[in-house]
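**Student:** any chance you could fold what I've pasted below:
(chains A, B, C and D)
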Number of protein chains: 4
Amino acid sequence: MSCCVFLLSFTPRPDDIVAAAARLCYSDVSAVDLLEDESQERKSSLLRHIRRSGHFSPFEHASFTFAIDGLSRIASHQLVRHRIASYSQQSQRYVEMRGPDAITPPSIGEVPALKRKFEEAAQTAHSLYTELIEHGVPKEDARYILPHGWSTRLVMTMNARELHHFFTLRLCRRAQWEIRDLARGMLIAVRSVAPRLFEEAGPSCLLTGRCEESSPCGRPFSSLEELLDEKSV
Amino acid sequence: MSCCVFLLSFTPRPDDIVAAAARLCYSDVSAVDLLEDESQERKSSLLRHIRRSGHFSPFEHASFTFAIDGLSRIASHQLVRHRIASYSQQSQRYVEMRGPDAITPPSIGEVPALKRKFEEAAQTAHSLYTELIEHGVPKEDARYILPHGWSTRLVMTMNARELHHFFTLRLCRRAQWEIRDLARGMLIAVRSVAPRLFEEAGPSCLLTGRCEESSPCGRPFSSLEELLDEKSV
Amino acid sequence: MSCCVFLLSFTPRPDDIVAAAARLCYSDVSAVDLLEDESQERKSSLLRHIRRSGHFSPFEHASFTFAIDGLSRIASHQLVRHRIASYSQQSQRYVEMRGPDAITPPSIGEVPALKRKFEEAAQTAHSLYTELIEHGVPKEDARYILPHGWSTRLVMTMNARELHHFFTLRLCRRAQWEIRDLARGMLIAVRSVAPRLFEEAGPSCLLTGRCEESSPCGRPFSSLEELLDEKSV
Amino acid sequence: MSCCVFLLSFTPRPDDIVAAAARLCYSDVSAVDLLEDESQERKSSLLRHIRRSGHFSPFEHASFTFAIDGLSRIASHQLVRHRIASYSQQSQRYVEMRGPDAITPPSIGEVPALKRKFEEAAQTAHSLYTELIEHGVPKEDARYILPHGWSTRLVMTMNARELHHFFTLRLCRRAQWEIRDLARGMLIAVRSVAPRLFEEAGPSCLLTGRCEESSPCGRPFSSLEELLDEKSV
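**Tutor:** This is a model prediction of the structure:
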């Protein structure tokens, strides 16, 4: 039931670009030369050092663009609150919503009686949506009756610094399940192309052993593997 | 049916602060002195000059904080796409939605038969929402079935530069009706406390006589009064 | 020798506005009502809770505008790297630099022989600047020979969230001395008008007892008073 | 005498990524499919349409990272005022400035007598810098006497939307000569890899035939070729 996230594009050699930018600050050499001049070993330890000291600004030079499909508009409303990012989202003003397409939360989907009612209600709402359009109501107004959990599509770009911030907030067990699933998919995708930038990432329990939440979940992550393997739904 | 917007707080003496900041760039005097040293006349013409030349950066020094009630979550989703602003929004994860509280678009509300169906459907959705919660579904999941047009509350802060940008986009006749209403209420509110900063504001048809839209509405505004008097709903 | 910072304007009732915005997220009441409805006690503990949990977003609703005079252009170059802020700065393209006006760092000013040489060199550079202008060189080009430590003026606006971030970075003993002095002056100024928002502020040694720097100074602050009383120069 | 700019990295297929993101808003198809599904012709006209209507947000999905060497710290101070961008800059706190390395403005460099005085003064300032360091003054304080026109190095990342904004401001004949040179080098670099995104770019005289400056230069650009061929120095 979780959304589909696909890494559409990204800054090539993200680990190398960030390492060269970081070294530039302390060198009297052009970044053009620094880009070619680094052993893998040294790069790893430099990037680890930056991550741990929190001096994340060179991480901004690597950007990642995702295609996201099947996310609810509830989750997309949360998502676009991250302001240091770029979004293009399917418009319900211009695109007609054809069939019933609401995301069913697992807490509902796992109980057959509730699941049936939820799906019937989504179907009924969509029928009224269609009827309103047939009566001349603009799509942008008819959608007011569609469930908030309706599915949407986005293209989103974030740089590696904001991604780390996003992962810290949204991979916490207290985050909303749908955006947690999205974050997990994103982390898996970026680790495959920028393994050093994202060698470590996630909520503070995992990174520092400390929880900053006012109501801790009581189940701190003990490893990144545990986090990545989990299904929140 | 339109939302309620109230100017909760703002930088005192907004016109003066912006004028002092603008003059600082071209003076060898402290802003502390510039703040006290200006005739009203001169200030007006300075601020008009800045607005017309598009060199808006001093306008950022004046901030405005609004309380917004009764906006649909459709419109709030659009609103928070303005990234150079600050938002606090009522959480549907934590706050239970008590009674039916969907915004009815005028195109539906003006047709009694459609209005009745819309309101019944909103009522039905809310009943299922309540039922789901009674069955132990978390509020944050039950809300997936609530209409997207459900009402929300926000506190929002924007500076005068971003407000001008917002007014240019969102007071256009092609903007969505609900966010246009909000923008109109905001403009009326800020004009009452910062008359020089917002002496002129609105879509490009009003400011420059030219339309930048790909599908022009064909009815350019001829005066700010026309824009402010209008009811879009 | 340190710069002069003056709080030019700020959002009235900053503590109250932030508290109302924070409560809105968890209430079914308008912010207009929340603004009036709070005991001082409760407000203090709410704001302390937000600060400590790091959920700083409501702090963005309070903005503070400073006049800064006598800061070197070295320090202003660092300062404007804080991107979530607004700046108006005296232009060396348009304003002629009349007399010698370089900031003398204490490490130089405290050694009479070095001080004399430094001041003579600044004087010589300014004489050449004047001579170049007399020969028809534009002010914007003549300034290339002025010392980088030349004095400048700014108006700067930051919200309380970014201010906390600024104080964490720039009140650290490892920060550059001039920007530390500026930060200290700013903190004193905002504490006088927003005592709850800035009840605690500063580097991580003070806030959490932990140092995040890669080369710790070895002298963690033990109290805010110690930090505020200090003269870094 | 102008700085050296090199395109270090960029989002692959920038034209295609932006076109796919733009189409997503109006389609019921995943961006993954849109990315593959477009004729060159259609893409060109779509991107031209976006540029001309000013609805630039999809342009944010393409990022460009530059290595910049030999820019004065005067120009870098202006440059970092563009807040929607990422910067890593060579630090004068940590890197010792070895030989005289001030940028000589053409208005000075073209007059032999002035050029000689300028270079001697830069040499004298650097000698004092070295002497101060030998006397135990930290590098970060000794630099106060170096000319403001001293050379620096940066890595900078901007997305295509901000680049267009940058080109509009900084390719104007009224912009400072050094940042104009930089902007011209950047535009040439991005046009070679994203010809459709940057088919048209530059000041408003070139794009719209209108000048927004308060003191127009009187020499509007008639073609992009004219702009690109020009030497401002």
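**Student:** for the residue most central in space within chain A, give me its contacts.
**Tutor:** For chain A, residue A:183 is the residue whose C-alpha lies nearest the centre (C-alpha atoms, centre = their mean; 3.8 Å). Taking C-beta atoms under 8 Å, 6 or more residues apart in numbering or on different chains, we find residue A:183 in contact with A:166-167, A:170-171, A:175. Heads up, the C-betas are built off the backbone N, CA and C, glycines and all.
**Student:** also residue A:121?
**Tutor:** Under the criterion of C-beta under 8 Å, 6+ apart, the contact partners of residue A:121 comprise A:147, B:124-125, B:128, B:145.
**Student:** repeat that for 6 Å
**Tutor:** Listed by C-beta atoms under 6 Å, 6 or more residues apart in numbering or on different chains, the contact set of residue A:121 reads B:128, B:145.
**Student:** give me the element it is part of.
**Tutor:** helix A:112-134 (DSSP states H and E).
**Student:** with residue A:7 instead?
**Tutor:** Judged by DSSP H and E, residue A:7 forms part of strand A:4-10.
**Student:** that strand pairs with which strands, parallel or anti?
**Tutor:** strand A:63-72 (antiparallel) (DSSP bridges).
**Student:** distance from the chain centre to the strand it pairs with, please.
**Tutor:** Strand A:63-72 has its C-alpha centroid displaced from the chain centroid by 7 Å (C-alpha atoms, centre = their mean, to the nearest Å).
**Student:** residues of the helix or strand that it is followed by that come out buried?
**Tutor:** Toward the C-terminal end, the helix or strand that comes next after strand A:63-72 (DSSP H and E) is helix A:73-79. Within helix A:73-79, the residues that qualify as buried are A:73-79, counting by 16 or more other C-beta atoms under 10 Å in any protein chain shown.
**Student:** can you tell if helix A:73-79 touches chain B?
**Tutor:** Yes: using C-beta under 6 Å from any C-beta of the partner chain, a contact is recorded between helix A:73-79 and chain B, made by residue A:77.
**Student:** what is the burial count for residue A:57?
**Tutor:** Under the neighbour criterion other C-beta atoms under 10 Å in any protein chain shown, residue A:57 is assigned a count of 17.
**Student:** the lowest-mean-pLDDT helix or strand in chain A and chain C, any residue contact?
**Tutor:** Taking mean pLDDT, DSSP states H and E as the measure, chain A has helix A:40-53 as its least confident helix or strand, at a mean of 87. Yes: part of helix A:40-53 sits near chain C under the criterion C-beta under 6 Å from any C-beta, namely residue A:53.
**Student:** now do that helix: everything it contacts.
**Tutor:** The set of residues that contact helix A:40-53 without belonging to it, under C-beta under 6 Å, 6+ apart, is A:19, A:22, A:196, C:212, C:214.
**Student:** same list, those, but as a markdown table with pLDDT please.
**Tutor:** Converted to a markdown table, the contacts of helix A:40-53 look like this (pLDDT from 0 to 100):
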| residue | pLDDT |
| --- | --- |
| A:19 | 96 |
| A:22 | 95 |
| A:196 | 95 |
| C:212 | 82 |
| C:214 | 81 |
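**Student:** quick check: mean pLDDT of the helix or strand hosting residue A:180?
**Tutor:** If you go by DSSP H and E, residue A:180 is part of helix A:177-193. The predicted model gives helix A:177-193 an average pLDDT of 97.
**Student:** check stretch A:130-145 too.
**Tutor:** Mean pLDDT, stretch A:130-145: 98.
**Student:** buried set for that stretch?
**Tutor:** If you call a residue buried by 16+ other C-beta under 10 Å, then stretch A:130-145 has these buried ones: A:132-133, A:137, A:139-145.
**Student:** and stretch A:25-32, by the same measure?
**Tutor:** Buried residues in stretch A:25-32, counting neighbours by 16+ other C-beta under 10 Å, are found at A:25, A:27, A:29-32.
**Student:** quick one: is that stretch near chain C?
**Tutor:** No: for a cut-off given as C-beta under 6 Å from any C-beta, stretch A:25-32 has no contacts with chain C; the smallest distance is 11.4 Å.
**Student:** how far off centre is that stretch?
**Tutor:** Between the mean C-alpha location of stretch A:25-32 and the chain-wide mean there is a distance of 33 Å, by C-alpha atoms, centre = their mean.
**Student:** ok, residues contacting it?
**Tutor:** Residues outside stretch A:25-32 that contact it (C-beta under 6 Å, 6+ apart) are A:20, A:24, D:6, D:67, D:69, D:88, D:91, D:94-95, D:155.
**Student:** what do you get for stretch A:73-93?
**Tutor:** The set of residues that contact stretch A:73-93 without belonging to it, under C-beta under 6 Å, 6+ apart, is A:140, A:143, A:148-150, A:152-158, A:162, A:178-179, B:77, B:80-81, B:83, D:21, D:24-25, D:58, D:60-61.
**Student:** mind doing that once more with 7 Å?
**Tutor:** Contacts made with stretch A:73-93 from outside it, assessed by C-beta atoms under 7 Å, 6 or more residues apart in numbering or on different chains, are listed as A:139-140, A:143, A:148-150, A:152-158, A:162, A:166, A:176, A:178-179, A:182, B:73, B:77, B:80-81, B:83, B:143-144, B:148, B:176, D:21-22, D:24-26, D:57-58, D:60-61, D:159.
**Student:** contact partners for the residue lying farthest from the centre of chain A?
**Tutor:** Residue distances from the centre of chain A (C-alpha atoms, centre = their mean) peak at residue A:135, which lies 38.3 Å from the mean C-alpha position. Listed by C-beta under 7 Å, 6+ apart, the contact partners of residue A:135 are residue B:114.
**Student:** can you put the buried residues of stretch A:25-32 in TSV and add secondary structure?
**Tutor:** Converted to TSV, the buried residues of stretch A:25-32 look like this (DSSP: H, G, I helix; E, B strand; the rest coil):
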residue	secondary structure
A:25	coil
A:27	coil
A:29	coil
A:30	coil
A:31	helix
A:32	helix
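**Student:** just the residues you listed now: which is nearest chain B?
**Tutor:** Here the nearest of the buried residues of stretch A:25-32 to chain B, counting by C-beta to the nearest C-beta, is residue A:25; it sits at 27.3 Å.
**Student:** how about the buried residues of helix A:73-79 in TSV, adding distance to residue C:115 and pLDDT?
**Tutor:** Shown next, in TSV, are those (distance: C-beta to C-beta, whole Å; pLDDT from 0 to 100):
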residue	distance to residue C:115	pLDDT
A:73	65	98
A:74	64	98
A:75	62	98
A:76	61	98
A:77	60	98
A:78	57	97
A:79	56	98
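**Student:** residues in contact with residue A:193?
**Tutor:** The neighbourhood of residue A:193, defined by C-beta under 7 Å, 6+ apart, consists of A:7, A:10, A:14.
**Student:** just the element for the closest residue to residue A:196 other than its chain neighbours, please.
**Tutor:** Taking C-beta to C-beta, 6 or more residues apart in numbering or on different chains, and ignoring the residues beside it in sequence, residue A:196 has residue A:15 as its nearest neighbour in space, at 4.2 Å. According to DSSP H and E, residue A:15 maps onto helix A:14-24.
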